[in-house]
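Asker: Below are the sequence and a predicted model; questions follow.
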Amino acid sequence: MTAFNNTPTSRRNLLALATAAIAVGMVPMLSRSGDDHHDDHDEGGKFSAGQNTTVAAANTGLSGNIVVVGGGMAGATVAKYLRLWGGSGLTITLVEPSTSYTSNIMSNLVLNGSRTVSSLAYGYTGLASKYGIAVKQAAVTAINKAAKSVTLSDGSTLSYDRLVLAPGVDFMDAYGLTQADYDSKTPHAWRAGAQTTLLSTQLAAMPANGTFVMTIPKSPYRCPPGPYERASLVADFLKTNKGAGSKVLVLDENLSIQAEVASFTYAFNTLHAGVIQYESGVTNVHINPDTKAVTYTDQVGTITTVSANVVNPIVPHRASGSAPGGWLAAAGLNNSPDGRWAVVDVLSYQSTAANASGIHVIGDAANCGMPKAGHVANQEAKICADAIVRLLGGQQPDPAPVANSACYSPLTASTASWLTAVYQYDSANQKMVVADNGGRTVGAKVTEASNHNTENFKQMNTWFNTLMGDSFS
C-alpha cells in the first residue's frame, strides 16, 4: 500500500486515487482481457454492447451457474465483474423486480431542486447486452440451501452453484408510523424514488419560517454521512427560500455525529447556525403522521413536543427479507445478534450462517464492519467477485483484501466536503478495518476535507459519474 503524508495535497491525491480505483477495480488471480471493446457482434465469448462495442470476457476456462439477487450498486457491480473476471463460461443471472435502479447517492440534491429523480435512474440494458448477463425481473420468495435453488415471485425456480445476495434494506415500522405513512405522509426517502419526490414537494410547500423535523436511527444504517448532509441541504434551501427564521430540528438517536464530524459540526454550528438545532442521544421518539407533532426525550430526560410542518423520519432498517417470516430469515441468513443483518466472512463475503455454503451477501444487507454506502458496495462486490472466481478455479480467496471508499457531501447548493478511507483486512480480528499511512491499522482514521468549497462540488459530479459508470456501464 502506498504511503501518504497527511497534507492537503496528499489528501486530495488520496481522494483522486480512490475515485480512479473504482474503474480500475481489483485484479483477480485469473487472467483478464486487455481489450474490452470490439465491433458489434457476438462470438468467442464477446457480448454485444450496442453502439458498435462489445466486451471480451476473460479466457478462464471456468464454468458455473451464478445467481445474483438485487440490482443496486453491489448487485450490478458483482454481476459485471464476475463476467469480466470469470469469463464467458459462467452463466450469470441478475434477479431484480424493478426495471431500473434509482441512485440514493446524490438524491438529497433532489430536495433543493438541483437534481431530478429521473437523472438518478440507471437501467440494466448495458449489463445484459454488453456483458451477456441474463436479467430476470422478479423478486426472490425463498431460498432452498440444500437444493441450491431460489424461488421467484413469478413462480419460477433458478438453480445456482454460487448465489450472491445484494437485496439492500427494508425499513422498519418505527416512531408510531407505518409503511403507508412513509409513502404518503411522512416520507423517509431513504430509498430514492417516489418518496424523494414527495419530500421535495412537501419542502417546497412549507410556509415561511416553518419547522422541518428529521430523525436519525442508531447505527448501523445506510450512508453514515447522509442524514447530516440532508439536514445541511434542507437548512440551506429553507433559509434561502423560506426565510432565516426557518428551523431544522435534527433528532439523532446516536450520541454524536457518525461521519465527517468536523465538516458537519461546522455546518451545524457555523454555516447554518440558527437554523439547524441538533439534538443527540434522543429516545422515545413518537410522530403523529396527521398532525406532524413530534415528541421525544432528550439526553437529560426532558420530554419535548414539537409541532412541525414537515417530518422526515429516517427510520431504522434491516437487511431485506430479514423480518420474521421473510425469505432471508426463513433461510437462516439473518444471523447477526439482532437478526437484522447477514454476517459474512469478509475474505469472500460468504455467509457465516449454518449450511450456507456457496451463498454470499454484499452491500447494505451485509454485516461486515464497513459502512453501508454505495462506493463501499462497489468495492465489496469486487472482493466478492474476485473470491468467487478464485474458488471456482480451485483456489482460496485473497488473504489480504483492500477496499477504498470515497464520499462527497454537499453542504449547500454549490459547496461540498468529502471523506475517504482505505480498509484493510485485519487477520487477528478477521474483519476489515481502516488503514493508516503505509497500511498501519492501529489508530487509523478516516480522512475528511479540511473545508467545503465549490471545487469539491464540481469534483463530486466526476466521482459520481465514474462510480455509476463502473457499476452499470
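Answerer: Arrived safely.

Asker: wait, doesn't residue 388 sit right on residue 362?
Answerer: No - the pair residue 388 and residue 362 fails to qualify as a contact (CB atoms under 8 Å) at a distance of 10.8 Å. (Each C-beta comes from the backbone N, C-alpha and C, glycine too.)

Asker: Can you work out which residues contact both of these two?
Answerer: Among the neighbours of residue 388, those also in contact with residue 362 (CB atoms under 8 Å, 6 or more residues apart in numbering) are residue 164.

Asker: The two: who's more crowded?
Answerer: Here residue 388 and residue 362 are compared on neighbour count by other CB atoms under 10 Å; more neighbours surround residue 362, at 32 against 29.

Asker: Contact partners for that one?
Answerer: With CB under 8 Å, 6+ apart, residue 362 has these contacts: 74-75, 78, 164-166, 344, 349, 377, 380-381, 384.

Asker: Columns distance to residue 335 and neighbour count on top of those, output as CSV?
Answerer: Formatted as CSV, the entries for the contacts of residue 362 read as follows, by distance: CB to CB, whole Å; neighbours: other CB atoms under 10 Å:
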residue, distance to residue 335, neighbour count
74, 19, 32
75, 20, 28
78, 21, 32
164, 17, 29
165, 13, 33
166, 17, 32
344, 9, 27
349, 14, 29
377, 20, 31
380, 18, 30
381, 21, 32
384, 18, 32
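
Asker: what about the helices in the stretch 51-200 of the chain?
Answerer: With DSSP state H, counting those that start in this stretch as the criterion, the stretch 51-200 of the chain has helices at 73-86, 125-131, 179-184, 194-204.

Asker: Need the contact partners of the shortest one.
Answerer: Put plainly, it is helix 179-184. Against helix 179-184 from outside (CB under 8 Å, 6+ apart): 171, 173, 188, 194-195, 198, 289, 313, 315.

Asker: filter the residues you listed to the buried ones?
Answerer: Among the contacts of helix 179-184, those scoring as buried are 171, 188, 195, 198, 289, 313, 315 (criterion: 16 or more other CB atoms under 10 Å).

Asker: Mark which of these are part of strands, please.
Answerer: Secondary-structure check on the buried ones among the contacts of helix 179-184 using DSSP state E: residues within strands are 171, 313.

Asker: Below-threshold pLDDT in the chain: ranges please.
Answerer: Counting by pLDDT under 70, the ranges of the chain that qualify are 1-54, 437-443.

Asker: domains of it?
Answerer: 27-170+319-399, 174-315 (automatic domain parsing).

Asker: So for stretch 400-413, what gets flagged as buried?
Answerer: Within stretch 400-413, the residues scored as buried using 16+ other CB under 10 Å are 401-412.

Asker: Make JSON lines out of those residues and add distance to residue 113.
Answerer: What follows is the buried residues of stretch 400-413, written out as JSON lines (distance: CB to CB, whole Å):
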{"residue": "401", "distance to residue 113": "40"}
{"residue": "402", "distance to residue 113": "39"}
{"residue": "403", "distance to residue 113": "34"}
{"residue": "404", "distance to residue 113": "32"}
{"residue": "405", "distance to residue 113": "28"}
{"residue": "406", "distance to residue 113": "25"}
{"residue": "407", "distance to residue 113": "22"}
{"residue": "408", "distance to residue 113": "19"}
{"residue": "409", "distance to residue 113": "18"}
{"residue": "410", "distance to residue 113": "13"}
{"residue": "411", "distance to residue 113": "16"}
{"residue": "412", "distance to residue 113": "13"}
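
Asker: With secondary structure and distance to residue 232 as added columns, please give those in JSON lines.
Answerer: Putting the buried residues of stretch 400-413 into JSON lines (DSSP: H, G, I helix; E, B strand; the rest coil; distance: CB to CB, whole Å) gives the following:
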{"residue": "401", "secondary structure": "coil", "distance to residue 232": "33"}
{"residue": "402", "secondary structure": "strand", "distance to residue 232": "31"}
{"residue": "403", "secondary structure": "strand", "distance to residue 232": "27"}
{"residue": "404", "secondary structure": "strand", "distance to residue 232": "25"}
{"residue": "405", "secondary structure": "strand", "distance to residue 232": "20"}
{"residue": "406", "secondary structure": "strand", "distance to residue 232": "19"}
{"residue": "407", "secondary structure": "strand", "distance to residue 232": "14"}
{"residue": "408", "secondary structure": "strand", "distance to residue 232": "13"}
{"residue": "409", "secondary structure": "strand", "distance to residue 232": "8"}
{"residue": "410", "secondary structure": "strand", "distance to residue 232": "7"}
{"residue": "411", "secondary structure": "coil", "distance to residue 232": "5"}
{"residue": "412", "secondary structure": "coil", "distance to residue 232": "7"}
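
Asker: quick one, longest strand in this structure?
Answerer: For the chain, the strand reaching the highest residue count under DSSP E is reported as strand 416-426.

Asker: Buried deepest among the helices of the stretch 51-200 of the chain, which one?
Answerer: When neighbours are counted by mean count of other CB atoms under 10 Å, the highest per-stretch mean among the helices of the stretch 51-200 of the chain falls to helix 73-86, a mean of 28.

Asker: now for that helix, which elements pack on it?
Answerer: Contact partners of helix 73-86 among helices and strands, from 3 or more CB pairs under 8 Å, 6 or more residues apart in numbering; DSSP states H and E: strand 64-69, strand 90-95, helix 125-131, helix 374-392, helix 454-472.

Asker: between these, which gets nearest to residue 424?
Answerer: helix 374-392 (11.7 Å; CB to CB).

Asker: For residue 209, state which of the buried residues of stretch 400-413 is nearest.
Answerer: Among the buried residues of stretch 400-413, residue 412 lies closest to residue 209 (CB to CB), at 19.3 Å.

Asker: List the contacts of the closest one.
Answerer: Taking CB under 8 Å, 6+ apart as the criterion, residue 412 is in contact with 232-233, 236, 271, 452.

Asker: Identify, from those, the entry nearest to residue 116.
Answerer: After measuring those against residue 116 - CB to CB - the closest member comes out as residue 233, at 15.2 Å.

Asker: need the contact list for the residue lying closest to residue 83 once chain neighbours are set aside.
Answerer: Computed as CB to CB, 6 or more residues apart in numbering, the closest residue to residue 83 that is not its neighbour in sequence is residue 131, at 4.3 Å. Contacts were defined as CB under 8 Å, 6+ apart; by that measure residue 131 touches 47, 55, 57, 79-80, 83-84, 92.

Asker: any idea how far residue 131 lies from residue 390?
Answerer: Distance check for residue 131 against residue 390: by CB to CB, to the nearest Å, it reads 20 Å.

Asker: ok, now residue 57?
Answerer: With distances defined as CB to CB, the gap from residue 57 to residue 390 amounts to 17 Å.
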